[in-house]
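K.L.:
Need the 3D shape of this:
(chains A and B)
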Protein chains: 2
Amino acid sequence: MPQWETYLTDHAAAYQEELLEFLRIPSVSALPDHAEDVRRAGEWVERRLTEAGIEGVRMLETGGHPVVYGEWLHAAGKPTLLIYGHFDTQPADPLALWNNPPFEPVIRDERVYARGASDDKGNMLVPILAVEAMLKTAGTLPINLKFLFEGQEEIGSPQLPAFLAEHRELFACDLVISADGGQHDEEQPSINVACKGLSGVQIDVRGAHADLHSGVFGGAVANPIHALVHLLDSMRSPEGKILVEGFYDAVVPLTDADRAHIAAVPFDEAAYAASLGVAVLVGEPGYSPAEQLGARPTLEVNGIWGGFQGAGTKTVLPSEAHAKITCRLVPNQDPAAIADLLAAHVQRHITSGVTATVSRLPGQAKPYAIPADHWGNQAAAEVLEEVYGKAPYYTRTGGSIPVCELFQEHLGAYTVSYGFGLMDEQIHAPNEFYRLASFARGRVAYCKLLAHLGAR
Amino acid sequence: MPQWETYLTDHAAAYQEELLEFLRIPSVSALPDHAEDVRRAGEWVERRLTEAGIEGVRMLETGGHPVVYGEWLHAAGKPTLLIYGHFDTQPADPLALWNNPPFEPVIRDERVYARGASDDKGNMLVPILAVEAMLKTAGTLPINLKFLFEGQEEIGSPQLPAFLAEHRELFACDLVISADGGQHDEEQPSINVACKGLSGVQIDVRGAHADLHSGVFGGAVANPIHALVHLLDSMRSPEGKILVEGFYDAVVPLTDADRAHIAAVPFDEAAYAASLGVAVLVGEPGYSPAEQLGARPTLEVNGIWGGFQGAGTKTVLPSEAHAKITCRLVPNQDPAAIADLLAAHVQRHITSGVTATVSRLPGQAKPYAIPADHWGNQAAAEVLEEVYGKAPYYTRTGGSIPVCELFQEHLGAYTVSYGFGLMDEQIHAPNEFYRLASFARGRVAYCKLLAHLGAR
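P.N.:
Next up is the predicted model:
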């Protein structure tokens, strides 16, 4: 057993306490009131990297939520890896559905329940602890490392493109390893080879200059909620085929090989539906659920509001109605072009008596893909097979990891997805959790990956 | 000049102060937190009736918000009138659109701005002050009076039917005079001869057991917001024709005489649209705006909500979406039957992968109509012509006054609409106001009506 492995075992209890401490910081990047908490989380990461033996640790300003940098560059002649993760979290609402306050972590059944536990605080802490174990025991690392931990992933990393463009040299590397991601399940490893892009808009529909009495004015004055539901219903068939004019034009069709690759991953539709509490799965006709989820673009209304939401009855004809929409994109859809198509659709289908404005939401991302047989993926596959005893699946995710595309554009480096979250961990939803088993196995898997890539 | 008229003039300033005091009580009947304020408003009315010289004043329990009763029954051989009004108000949100806090009344340009100023505190205070002026000067009244002021009109008077059924004798009368209503404009009086009924439902759509990540799960899992907008869009054409199966079946068609009657009231479509800040009016094809507003049934979504409503982006596939709908009904539509049709429509049109429940909202009301030539209307018309110098229009309102139908059912009495609000006074909306001129003219008009009916 390597020395680092003993070290990791000896420190398991302490690491668990540290994870809880990290999770207590409500670093919600979407809510302006929590900007200082995002920064506090970054300071926590700074301190933790320094304690692990990482050098040159510092917080870098982006104009928005900060980035934390660190490095260890003493492996002469070896490649340089850039390890990536994020210390910000999604908002926690609806709070009423949580079993514990989202920023007061609770351990039940060997799982840590808290907002950000899986996405991404638990996962991003793993490589820091792995590196600490190697440095505190061997005093050295088998490969050169840089770290980039950001505080704005959950809002789509708005300042990161300009920041990376400005710091190309600082972050120059041969390969990025992303600690933001997951494995197929507790027994089966997987390597993600594609993730979807993202494009979002908010639609604001306005009618009369003020809320009106629905009895006195209803029947002759347009209701912005009716106009909005008509617009939204016109954008997608009930099954999920997107009806926005031009939406599919740029999509690279799935090849037979792509479809075979996706079909190789077992997918139990009935069990999947049952796990989510729905009677049936529904999606774009002509594609399997796995294809719909991983390889076809989607359009989802993330939120809608207008008029009276309180208890009882308020007979109001509201003056405004609003919706937030995000689309997940596949190669070669462009986020800005999709936002333009949505705006054009709205203006084409808006009904009389109201006006609609369409504004882009933060968080646009281009779709990303890495060859399954890239050398970084090969190394990850060999380590995962050793740790799990099974060869990994090559999977696609419907989620967006905008930085993969950014690293490719600004650093010329591919990103290997190497995180240890699992699909059922309620990320972005109430009662998010992270398995303590993943937290431990991930540390071992990171030490082995560094050793493997250093020996290449 | 009658003595009561001098008395009213002398007390105008004091009455104005009393109205402000009444308006400071936030008696919002829809919000449980304000139940005690509704009761305080009732106590204020009790005290004020007693000061006016009304006898037997007392608060009566209904099981919900209370009723205030009073009487003066010393006009032997004369008919008995029941004067009606309500001391509860609509909710005040959205607060941000108010120019002053809604329960801190402000006088600007001879108008009192506050929630409830026009609907109905200003209007219901008018007959109390008129009666005071007659009693304090003549020491007697020309007719027998009873008063029924309620605290639950804005939530549809849920306990009033059982309450009236139980107190038929106490409230027995020859005619009801409702102080909840208005005139056509500052120069033109009007008498309302019909008001619409009301039937409301809430639709709750549920999908997965929890909010999900829209990237990971979007595309194969039904989105309750999409299901809800599809349902709502299926209920009404963009113009306003209601598509709920069976909705129009019970409607008594408008006769040519009805349509001529409605057309006799001037209606400037362009000016009406401009006053509301909309480019065009929209409504059910085949009917004029005045017919749509006054004489055709409507369906309005009063509120909609689901998913993320905060700033920025939250890539969530929500587990729930909700809407509140109210329909305005015309003779002979039945509120319960309409709610059943809405529920059946929802179950017929709900899409796969979600479930929907439909529950009735409080505030159901049957439609109501009174013959234009009823003796109560004739007396009101003669007084209004004397006060305004013009004969009144006979109008219909799209609003619901459930008590009119209740009084007919339980007391066997018609209700004459005799209030002094005006259409532009923003009732149920931000910056509601009441004209001080109406407040004064109404008092004179009530004294004259009592004298007229007493001399009949």
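
K.L.:
I'd say A:Pro318 and A:Phe308 touch.
P.N.:
Yes. Contact criterion C-beta atoms under 8 Å: A:Pro318 and A:Phe308 qualify, at 7.5 Å. The C-beta positions use only the backbone N, C-alpha and C, and glycine is treated the same way.

K.L.:
And those two? Which one has more around it.
P.N.:
Comparing A:Pro318 with A:Phe308 by other C-beta atoms under 10 Å in any protein chain shown, the one with more neighbours is A:Pro318, at 28 against 24.

K.L.:
Spell out which residues sit in contact with that one, please.
P.N.:
For A:Pro318, the contacting residues are A:Gly207, A:Asp211, A:Asn223, A:Pro224, A:Ile225, A:Gly306, A:Gly307, A:Phe308, B:Asn302, B:Gly303, by C-beta atoms under 8 Å, 6 or more residues apart in numbering or on different chains.

K.L.:
Now it: closest residue in space, sequence neighbours ignored.
P.N.:
Excluding the flanking residues, the one nearest A:Pro318 by C-beta to C-beta, 6 or more residues apart in numbering or on different chains is A:Gly307, at 3.6 Å.

K.L.:
Same question for A:Gly398.
P.N.:
B:Gly215 (4.5 Å).

K.L.:
Let's verify A:Gly56: helix, strand, or coil?
P.N.:
Using DSSP: H, G, I helix; E, B strand; the rest coil, the structure places A:Gly56 in strand.

K.L.:
roughly how far out does stretch A:231-240 sit from the chain middle?
P.N.:
25 Å (C-alpha atoms, centre = their mean, to the nearest Å).

K.L.:
ok, back up a step: between A:Pro318 and A:Phe308, which contacts overlap?
P.N.:
The contact lists of A:Pro318 and A:Phe308 share B:Asn302, B:Gly303, where a contact means C-beta under 8 Å, 6+ apart.

K.L.:
Please settle this for me: is A:Val68 part of a strand?
P.N.:
Yes. According to three-state DSSP, A:Val68 belongs to a strand.

K.L.:
can I assume A:Asn192 sits in a helix?
P.N.:
No. Read with three-state DSSP, A:Asn192 is strand and lies in no helix.

K.L.:
Can you tell me the closest non-neighbouring residue to it?
P.N.:
Using C-beta to C-beta, 6+ apart and skipping the chain neighbours, the partner closest in space to A:Asn192 is A:Ser417 (4.0 Å).

K.L.:
now do A:Ala165
P.N.:
Nearest residue to A:Ala165, sequence neighbours excluded (C-beta to C-beta, 6+ apart): A:His410, at 5.6 Å.

K.L.:
What parts of the stretch 51-200 of chain A come near chain B?
P.N.:
Contact residues (C-beta under 8 Å from any C-beta of the partner chain) of the stretch 51-200 of chain A with chain B: A:Gln90, A:Pro91, A:Asp93, A:Pro94, A:Leu97, A:Ile155, A:Gly156, A:Cys195, A:Lys196, A:Leu198, A:Gly200.

K.L.:
Would you convert these into TSV that also reports neighbour count?
P.N.:
Output for these, formatted as TSV (neighbours: other C-beta atoms under 10 Å in any protein chain shown):
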residue	neighbour count
A:Gln90	26
A:Pro91	22
A:Asp93	20
A:Pro94	17
A:Leu97	15
A:Ile155	24
A:Gly156	24
A:Cys195	29
A:Lys196	30
A:Leu198	26
A:Gly200	28
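
K.L.:
out of the residues you listed, which are inside strands?
P.N.:
When these are checked against strands (DSSP state E), the matches are A:Cys195, A:Leu198, A:Gly200.

K.L.:
beta partners of A:Arg396?
P.N.:
Beta-bridge partners recorded for A:Arg396 (DSSP bridges): A:Ala194.

K.L.:
give me every residue that touches it.
P.N.:
Counting by C-beta under 8 Å, 6+ apart, A:Arg396 makes contact with A:Asn192, A:Val193, A:Ala194, A:Cys195, A:Ile262, A:Gly294, A:Ala295.
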